[in-house]
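**Q** Generate coordinates for the sequence data below:
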Amino acid sequence: MRLPRSLSGWTMAVFGVLAAALGVVGLVSPDVLLTVMGFDPVAEGGRADGDHTLVFLTASSMAALNMGVYYVLAALADWKAFFRWTVPFRLLTCAVFTLAVVTGRAPAGFLGVGLWEGLGAVVTGAALRYEATRRPPVTAEG
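**A** Numbers count the residues shown, from 1 in each chain. Model prediction:
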């Protein structure tokens with residue numbers, strides 16, 4: 001069984017597994033995912049014509065599943081460049097999702113999604129920084 005080879009790899013693997021799992025939940029039981037994010041699910045048959053909430057939820061859940069798998073595969077390959085690329089974009093996601101709550105565009109429960117992204121980015125960034133200080137730099141000679 002392959003496992004991540006570095007602390008930063010573990011942070012990516014954990015985030016990836018959680019993202020993939022939430023993606024599966026959204027695909028299998030969208031109302032559960034809506035509830036977790038702080039939205040009130042709409043009763044069966046209660047959606048208005050033109051309400052595309054479930055279509056959007058299906059698309060974002062599939063994206064979360066795919067992203068989770070990418071993160072796990074990158075973790076198993078110990079692809080540090082990918083880890084570094086994710087940090088600023090996860091922080092941006094945190095900022096956008098937090099701003100959505102602050103401006104009233106999303107319910108307070110959605111703040112957890114932003115904080116999850118932000119915390120994951122900070123933990124991965126800290127792990128990368130720690131690893132960089134523990135290894136001698138690679139030189140052209142060696």
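**Q** Could you use CA atoms for every contact and neighbour count after this?
**A** Will do.
**Q** Counting by contacts, list what the helix or strand of the chain with the lowest mean pLDDT packs against.
**A** Ranking every helix and strand in the chain by mean pLDDT, DSSP states H and E puts helix 30-36 at the bottom, with a mean of 87. In terms of contacts (3 or more C-alpha pairs under 8 Å, 6 or more residues apart in numbering; DSSP states H and E), helix 30-36 is packed against helix 7-28, helix 53-77.
**Q** Redo those helices as a markdown table? Include mean neighbour count and mean pLDDT.
**A** Output for those, formatted as a markdown table (neighbours: other C-alpha atoms under 10 Å; pLDDT from 0 to 100):
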| stretch | mean neighbour count | mean pLDDT |
| --- | --- | --- |
| helix 7-28 | 21 | 96 |
| helix 53-77 | 18 | 95 |
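**Q** what pLDDT, on average, does stretch 100-114 get?
**A** Mean pLDDT, stretch 100-114: 90.
**Q** Run through who's touching that stretch.
**A** Contacts with stretch 100-114, where a contact means C-alpha atoms under 8 Å, 6 or more residues apart in numbering, come from 36, 37, 38, 39, 93, 94, 95, 96, 97, 98.
**Q** So which of these wins on neighbours?
**A** Of all the contacts of stretch 100-114, the most densely surrounded is residue 94 (23 neighbours; neighbours counted as other C-alpha atoms under 10 Å).
**Q** Perfect, that will be all.
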